[in-house]
Structure formats: structure tokens, C-alpha cells
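Asker: Sequence and predicted model, in that order:
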Amino acid sequence: MEEGVQEKPKLLFRLLEGAFMAQFYIIKTLSYVLPPSVIYLIPKAMGITFFYARPGMRRRLAQKITDAMPGITDPRELDRLGREICSGVFMPLFDIFVLARHGDRYMRELRFENKELLEEAEAKGKGVIFTGAHTGGISIIHAVMARLGKPYTPIAFNPKDTVMPRYVETLEFCSGILGCDVEEPVFFVGEDIIPKVKDHLKAGKRIGLTFDIGGSGIVEFFGRPAALASGVAHFAYDSGAPIVSFSLRRGKGPFDNILKVHGVVECDLTADRRSEVARVLQEVVKYGEEILGEIPGQWINWFGLWSFWDNAREIMESKAKKQG
């Protein structure tokens with residue numbers, strides 16, 4: 001009986017993976033015959049359908065937004081953001097094909113804000129750690145940076161450790177060939193990456209990772225304790241490399257995109273490791289809140305916000321019990 005219970009999810013994910021792979025090749029084919037303005041109507045329609053088909057999810061999403069941003073209370077604005085967020089879940093795949101087919105125009109019309117902050121960070125000669133949230137063009141931002149002559153190596157999950165390995169591997173491969181650090185295209189989580197990352201940064205190169213994933217680092221996130229991954233701060237403490245907070249955001253049209261550097265966080269290597277890692281992580285999250293405040297509808301991790309808060313509460317309660 002237990003084997004049957006375990007096999008059922010495997011079969012479900014295989015079926016889902018097959019559906020996603022079919023979608024992948026259909027969209028790839030359509031990208032050759034349809035203009036980007038029409039192509040992007042597909043994920044928008046998918047997102048709107050998803051939004052209205054799940055009333056429970058719709059209510060929870062609206063509550064998460066108001067919990068994090070109490071100033072947003074207008075039901076019409078909450079619905080608009082909800083539709084945009086749900087569409088954003090499907091957008092990354094379409095971004096890959098638009099950049100692949102129209103890369104020259106994409107880069108020509110891209111606006112790069114606060115570029116001087118990145119140049120100042122690079123001038124220190126200690127490498128650079130890029131970080132941001134799951135917003136906007138998250139699936140192609142590494143390729144865009146490579147095309148600007150500033151390639152970096154993203155830290156990502158190994159496809160074999162996901163529930164849809166073939167699909168994830170296909171996405172990573174296709175996004176990688178659009179532009180990457182050809183010597184080190186990716187560092188996979190769990191494959192003894194710490195010494196690899198240290199050597200990479202020591203050589204003056206760049207890495208990239210998102211901050212908005214679950215972990216054990218407790219920081220204030222939208223006014224409440226949240227449990228987030230602290231790897232970005234540990235890498236900075238170990239290497240002395242500055243952390244550059246950035247985002248690739250969408251505008252009104254398919255080629256109206258902005259690459260923005262929000263700020264730079266530096267680590268004091270003479271400070272106590274635990275306290276300094278906590279301080280650096282909090283600064284990273286502060287810049288992250290700035291990004292999400294500017295483009296709340298483009299953050300696709302709204303769905304995980306409550307889990308970040310809940311996990312932090314559990315961690316703190318567990319620590320309190322051990323100390324008490």
C-alpha cells in the first residue's frame with residue numbers, strides 16, 4: 001500500500017512534466033511565427049485563467065499582499081496585482097524564447113540604471129556577488145549580463161533533485177546558451193560548491209543567487225521575522241566580495257525592460273562572523289524590499305511569503321525552548 005502511495009505522486013509529476021515539455025516545444029515553435037507582442041498574450045491569458053479559477057488562492061494572495069504592504073487595500077488594485085503575479089509565473093519561459101529570437105533588439109532597447117555602482121564594486125577586484133528576487137526576467141538576467149560583458153555563474157538546484165528533472169534541465173540548458181560564463185556556466189547546490197565559489201570569487205569573477213528562498217537565517221522581511229537562505233552573506237564574509245543587488249524588470253512592452261542596480265552591500269571581515277552575516281543578510285533583504293515595493297506585481301514568490309514567516313516562528317520557538 002505504501003508503495004502505491006509513493007508511486008502516485010511520481011506518476012503525477014511525470015504526467016505534469018510531459019505536459020510542460022509539450023508546452024515548451026509548442027511555445028518554441030510559436031516564437032518563430034508570432035511577434036513578441038502576441039507571444040506575451042499567452043502567459044497573460046494563462047495567468048488570468050489561473051487567477052480566476054482558484055478563488056481560495058486569489059483570496060490568500062490578496063491577504064499576503066496586504067500583510068506585507070498594508071498601504072495596498074483597494075480591491076481593484078489587489079486584483080490587478082494578483083493577475084500580474086499569476087501571469088508572472090508563466091512569463092519566464094516566454095522570456096527565454098523572446099531573447100533567443102530578438103536578442104539584438106532586446107539588448108539595444110534595454111535601459112541600464114545605476115551602472116556606476118556595479119563598476120565601483122568590480123573595481124575592488126574581489127569578484128562580485130549578484131543577488132535579487134524572483135522578479136521580472138529572472139530566467140534570462142544572467143544571459144543579459146553576459147551580453148553586456150559581465151557574465152556570472154548562477155547558483156541553482158540540480159535538475160535531478162527536482163520533481164521535473166527533464167523539464168528543469170531543458171530550461172537551464174536553453175537559458176544558458178543565450179549567454180553565460182562559458183568556463184563555469186552554473187554551480188549546483190549540494191555539489192560541494194563552497195570551495196568552488198571561493199576560488200571563483202578569488203579569481204575576480206562573479207556569481208549570482210536569489211535571496212528569496214527558504215533557509216535558516218532569521219531576518220526582518222516586510223516587518224516580520226522570516227527564515228531565508230543566508231548563503232549570500234556567508235559567501236561575502238568568506239571572500240570579501242561585494243554584494244550587488246539588482247533586478248531585471250518588465251515595462252509596458254516586450255522590449256521595454258530595465259536592468260537596475262539597487263545598491264551594494266559590503267562585509268566587514270574583522271567583525272564577528274555570526275553578527276556580520278546577520279547584518280549583511282538584513283541589508284540584502286532591505287534592498288530586496290525596495291525591489292518588491294517598486295514592482296510588487298512582478299514577484300512570483302508571493303506564494304511562499306507566509307511559509308518564510310511561519311518557518312521563522314518555528315525556528316525561534318525551537319531555540320527558545322532549548323534555551324529555556
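Answerer: In hand now; what should we look at?

Asker: Break down the stretch 101-250 of the chain into its strands, ranges please.
Answerer: Under the criterion DSSP state E, counting those that start in this stretch, the stretch 101-250 of the chain contains strands at 111-113, 128-132, 153-156, 187-188, 206-210, 214-221, 224-228, 243-250.

Asker: so what secondary structure elements neighbour the fourth one?
Answerer: The one in question is strand 187-188. strand 153-156, helix 193-202 (3 or more C-beta pairs under 8 Å, 6 or more residues apart in numbering; DSSP states H and E). In short, each C-beta sits where N, CA and C put it, glycine included.

Asker: Out of these, which gets nearest to Asp256?
Answerer: Of all the helices and strands packed on strand 187-188, strand 153-156 sits nearest to Asp256, with 24.6 Å by C-beta to C-beta.

Asker: quick one: strands adjacent to that closest one?
Answerer: strand 187-188 (parallel), strand 206-210 (parallel) (DSSP bridges).

Asker: Need the residues that contact it.
Answerer: For strand 153-156, contacts defined as C-beta atoms under 8 Å, 6 or more residues apart in numbering pick out 142, 172, 180-181, 184-189, 193, 197, 200, 205-209, 231.

Asker: Put the buried members of those into a PyMOL selection.
Answerer: Restricted to buried positions by 16 or more other C-beta atoms under 10 Å, the PyMOL selection for the contacts of strand 153-156 reads:
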select buried, resi 142+172+180+181+184+185+186+187+188+193+197+200+205+206+207+208+209+231
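
Asker: if we can go back for a sec, and of the strands paired with strand 153-156, who's closest to Leu148?
Answerer: strand 206-210 (11.6 Å).

Asker: quick one, the closest one and strand 224-228 angle?
Answerer: 130 degrees (axes from the mean of the first three to the mean of the last three C-alpha atoms, to 10 degrees).

Asker: just to revisit the earlier point, worst mean pLDDT among the strands paired with strand 153-156?
Answerer: Note on the strands paired with strand 153-156: lowest mean pLDDT is at strand 187-188, with a mean of 92.

Asker: okay if I get the strands paired with strand 153-156 as TSV plus distance to Asp95?
Answerer: Listed next are the strands paired with strand 153-156 as TSV, based on distance: least, C-beta to C-beta, whole Å:
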stretch	distance to Asp95
strand 187-188	22
strand 206-210	16
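
Asker: Any idea which of these gets closest to Tyr32?
Answerer: strand 206-210 (29.6 Å).

Asker: Contacts for the closest one next, please.
Answerer: 127-134, 138, 141-142, 145, 150-155, 181, 187, 197, 200-201, 231-232, 235.

Asker: now stretch 303-311
Answerer: Stretch 303-311 is contacted from outside by 61, 64, 67-68, 212, 214, 221-222, 224-228, using C-beta under 8 Å, 6+ apart.
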